[in-house]
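Novice: When you get a sec, could you give me coordinates for this:
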Amino acid sequence: MTARKVIGIGETILDILFKNDQPTAAVPGGSVFNGIISLGRMGVNVDFISETGNDRVGETILRFMRGNGVITEHVNVFPEGKSPVSLAFLNEQNDAEYLFYKDYPSQRLDVEFPEINRDDVVMFGSYFALNPVLRGKVVEFLDYARERGALLYYDVNFRSTHRNDAIKLTSTIIENLEYADIVRGSIDDFRNLYGYVEIEKIYKEKIAFYCPHFICTQGGENVFLRSAALGKEYPVKPIEAVSTVGAGDNFNAGVVFGLLKYRVRRDDLNELSETDWDNLIRCGMDFAADACQHIGNSVSEEFAAAYKA
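Specialist: From the prediction side, this is the model:
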């Protein structure tokens, strides 16, 4: 039997991190990208559909991907425009505020899709999965992944910068929820999207009809799990965070790693026991905790080596 793959689709960006208004690090990133890099470090067979510029930043990102075991043949290198850059300003709690600099060409995401087999895992989310410019290609890919029997993991990742577009994007978000087998979002995502933070209400009114398997994270507070048969909260162990950049992205990577480790397939999701979900959530929390304890957007190579041992 062929080993299961993880295929991500999302943006690439170079994150320049600032502390006390001084740059401290420059790290390739992107919401799905960060999790894909972590899974590559874990030895998972990973592929990434994306785009970057034909410039030094783009070369840095591609080299970083290859160095972490990520296949890059489905990354569109566009000849015009520039690779995007973000400035991430860390506050006293080491949470980040972002400024984005982007110069994309008119032709976007001109790539062939990788081969997908049944029960491979597809990771998608953030504004990349809502952007009207990219939506046609994203839907084409999600349709292809669904036809091939993949398990689709959707990270809502709805930033405050898009709050004023929430109503306009509602129908696209619902489409993504319908594609998804598992939905994960943070309490901030849902505050930005729906204007309230009552998790049970969010699940029952906004999520459950489209996708019964729902995880809500709250930074250092409890993780909420809701499924058709189970509702549970998981306490998060307090840590001394160095940076929270990529925490949610790596929670996603941990859950996906758990799906592979514990051999959870798409048809198994409705039958998962409480212990099964405990295992998946624990992996998510482990990945997120490690990502917060160093400057970088993914789990450390040391964590990966120890965790997969």
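Novice: Assign Leu14 to helix, strand or coil.
Specialist: Here Leu14 is strand, with the state taken from DSSP: H, G, I helix; E, B strand; the rest coil.
Novice: for the one 3 residues further on, same thing?
Specialist: Under three-state DSSP, the three-state class of Leu17 is strand.
Novice: looking at this structure, which helix or strand is least sure?
Specialist: Least confident helix or strand of the chain, by mean pLDDT, DSSP states H and E, is strand 96-103 with a mean of 87.
Novice: next structured bit after that strand?
Specialist: Scanning forward in sequence from strand 96-103 by DSSP states H and E, the next helix or strand is strand 121-125.
Novice: avg pLDDT for that following strand?
Specialist: Here strand 121-125 scores 98 as its mean pLDDT.
Novice: Not counting the helix or strand following it itself, show me its contacts.
Specialist: Next helix or strand after strand 121-125 toward the C-terminus (DSSP H and E): helix 135-147. Applying C-beta atoms under 8 Å, 6 or more residues apart in numbering, the external contacts of helix 135-147 come out as 7, 9, 49, 108-109, 113, 116, 120, 122, 124, 128-129, 131, 152, 172, 175-176, 179. In this view, the C-beta of every residue, glycine as well, is placed from N, C-alpha and C.
Novice: Next up, phi/psi of the closest residue to Tyr101 other than its chain neighbours, please.
Specialist: Spatial nearest neighbour of Tyr101, excluding adjacent residues (C-beta to C-beta, 6 or more residues apart in numbering): Val85 at 4.8 Å. Backbone torsions for Val85, taken as degrees, to the nearest 10, come to phi -130, psi 140.
Novice: Model confidence at Val85, what's the number?
Specialist: For Val85, pLDDT reads 95.
Novice: how near is Leu62 to Ser50?
Specialist: According to C-beta to C-beta, to the nearest Å, Leu62 and Ser50 sit 10 Å apart.
Novice: got it, and Tyr127?
Specialist: Tyr127 is 14 Å from Ser50, where distance means C-beta to C-beta.
Novice: quick one, which of these two is more surrounded?
Specialist: The neighbour comparison of Tyr127 against Ser50 (other C-beta atoms under 10 Å) goes to Ser50, with 26 against 17.
Novice: tell me which residues form a beta bridge with that one?
Specialist: Ser50 forms beta bridges with Val75, as assigned by DSSP bridges.
Novice: residues in contact with it?
Specialist: 8-12, 30, 33, 74-76, 109 are the contacts of Ser50 under C-beta under 8 Å, 6+ apart.
Novice: cool, and Val223?
Specialist: Shown in contact with Val223 (C-beta under 8 Å, 6+ apart): 215-217, 233-234, 236, 281, 284-285.
Novice: And Val77, by the same measure?
Specialist: Applying C-beta under 8 Å, 6+ apart to Val77 gives the contacts 51-54, 58, 62.
Novice: 6 Å - rerun?
Specialist: Residues in contact with Val77 (C-beta atoms under 6 Å, 6 or more residues apart in numbering) are 52, 54.
Novice: where does this protein have low pLDDT?
Specialist: 1-2 (pLDDT under 70).
Novice: tell me the centre residue of it?
Specialist: With distances taken as C-alpha atoms, centre = their mean, Val32 lies nearest the centre of the chain, 3.5 Å away.
Novice: that older thread, are any of the contacts of Val223 buried, and if so which?
Specialist: By neighbour count, with 16 or more other C-beta atoms under 10 Å, the contacts of Val223 hold 215-217, 234, 236, 281, 284-285 as buried.
Novice: The residue nearest to the centre of the chain contacts Ile7, correct?
Specialist: No - contact criterion C-beta atoms under 6 Å: Val32 and Ile7 do not qualify, at 9.9 Å.
Novice: From Arg184, how far off is the closest residue in space to Arg266 that isn't next to it in sequence?
Specialist: Excluding the flanking residues, the one nearest Arg266 by C-beta to C-beta, 6+ apart is Leu151, at 4.2 Å. For Leu151, the distance to Arg184 (C-beta to C-beta) stands at 13 Å.
Novice: okay, the contacts of Val223 in JSON lines with secondary structure and distance to Ser243 next?
Specialist: JSON lines is the format used below for the contacts of Val223 (DSSP: H, G, I helix; E, B strand; the rest coil; distance: C-beta to C-beta, whole Å):
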{"residue": "Ile215", "secondary structure": "strand", "distance to Ser243": "22"}
{"residue": "Cys216", "secondary structure": "strand", "distance to Ser243": "22"}
{"residue": "Thr217", "secondary structure": "strand", "distance to Ser243": "16"}
{"residue": "Glu233", "secondary structure": "strand", "distance to Ser243": "26"}
{"residue": "Tyr234", "secondary structure": "strand", "distance to Ser243": "22"}
{"residue": "Val236", "secondary structure": "coil", "distance to Ser243": "17"}
{"residue": "Ile281", "secondary structure": "helix", "distance to Ser243": "22"}
{"residue": "Gly284", "secondary structure": "helix", "distance to Ser243": "18"}
{"residue": "Met285", "secondary structure": "helix", "distance to Ser243": "17"}
